[in-house]
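Engineer: 3D, please:
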Amino acid sequence: MTFRAFSSTAARTWVPLLVAGVLSVGLPAHAAKTDDAQSAKIRQALTERIPQLSDIEEIRATPMKGLYEVRMGTDVFYTDATGDFLIQGELFDTKAKHNLTEERINQLTQIDFASLRFDDAFKLVRGDGSRQIAVFEDPNCGYCKRFERDMRELDNVTVHIFLYPILSPDSFEKSRDIWCAANPEKAWNDWMLNDKKPATKECETIDALQRNLAFGKQYKITGTPTIVFEDGTRVPGAVPRQQVEKKLASLQAKS
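Structural biologist: Take a look at the predicted model:
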C-alpha cells in the first residue's frame, strides 16, 4: 500500500457522529513529558518505515496513556510507544468534553496580532478607532459581504482588511483592482456593500496579495472571513456583530 501524506483536513473525516455535538472549550490538557530516549525510538521507527515523516518536529505524550502526539509543522498525528501504529484523526477527552486535537492545532496556529504585516492591508476606521481587529476576506465571499454589512454598526474600531483571494481566479482579479485603487477603502465598500464592481487596476504593490496568501497557508486560514483579535484569538466565519463586540469589550476590560 502506498503511503499518502496526511492533511489536517482529511484528519477530520473519520470522527464518529456520536461526538459531533461535543463542544470544544477551555485550554488543552497538559501533555506529559516525553523522555528523549522514548521520543528517539518513536522517531526512528516512523521515519524508517514512512519516509514522508522525515520532518517530524516534535513527539510528546498525550493525556491518554500510551498514546503520543507526532507533530509536523501544524499537522498532528498519533502513535503508540513503539511507532508501530499511526493514527490520522482527532483525539477527544470525553470526560472534559474537549476536542484535544482541535485545541492543539488552534494553539499551534495562533496568530500574534503584532506580527501581522499591516502594510499588506488597508484599514476601515469607525468612531475613535481605539479597538482593533484584522479580517482575512475574499471579495467573492457572500459571508464576507454579510459580515461587512453587519460590522457597519460596530463603533470605535479599526478593521484591518487583508485581501485573501482563495475562492476563484476572479477573486484575485477583484482583490487586485481593490488593492490598486486610488482609495482601496472606498473601492472595498463600494463592492462589498453596494455591489459596485471595482475598475480594473494594476500596481507595483500587488505582491501584498501573494504575501497574504502565503501567510494564510502557513497559519491554515482555510475560509473567509477569518477574524483575528489583538490577543491572538482567531474566529472563522461571519460571526454576529454582537459576538465581536462582546470579545472586544472583554479585551478592553483586561487591558
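
Engineer: tell me where the stretch 51-200 of the chain has strands.
Structural biologist: Assigned by DSSP state E, counting those that start in this stretch, the stretch 51-200 of the chain shows strands spanning 58-61, 68-72, 75-79, 86-87, 92-93, 98-99, 122-126, 131-137, 157-163.

Engineer: closest to V235 out of these?
Structural biologist: V235 sits nearest to strand 131-137 of all those, at 9.4 Å, using Cβ to Cβ. Where C-beta positions appear, they are placed from N, C-alpha and C, glycine not excepted.

Engineer: from the contact counts, what lies against the closest one?
Structural biologist: Other elements packing on strand 131-137 under the criterion 3 or more Cβ pairs under 8 Å, 6 or more residues apart in numbering; DSSP states H and E are helix 142-151, strand 157-163, strand 226-229, helix 241-254.

Engineer: picking that back up, could you dump the strands of the stretch 51-200 of the chain into CSV with distance to R234, mean pLDDT and mean neighbour count added?
Structural biologist: Below are the strands of the stretch 51-200 of the chain laid out as CSV (distance: least, Cβ to Cβ, whole Å; pLDDT from 0 to 100; neighbours: other Cβ atoms under 10 Å):
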stretch, distance to R234, mean pLDDT, mean neighbour count
strand 58-61, 22, 96, 17
strand 68-72, 19, 96, 19
strand 75-79, 17, 95, 21
strand 86-87, 26, 96, 16
strand 92-93, 22, 96, 18
strand 98-99, 16, 92, 21
strand 122-126, 18, 97, 16
strand 131-137, 9, 98, 23
strand 157-163, 12, 98, 22
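
Engineer: mind putting those into a markdown table with distance to E173?
Structural biologist: As requested, the strands of the stretch 51-200 of the chain are exported to a markdown table (distance: least, Cβ to Cβ, whole Å):
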| stretch | distance to E173 |
| --- | --- |
| strand 58-61 | 40 |
| strand 68-72 | 34 |
| strand 75-79 | 32 |
| strand 86-87 | 42 |
| strand 92-93 | 42 |
| strand 98-99 | 38 |
| strand 122-126 | 17 |
| strand 131-137 | 15 |
| strand 157-163 | 11 |
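
Engineer: understood, closing this out.
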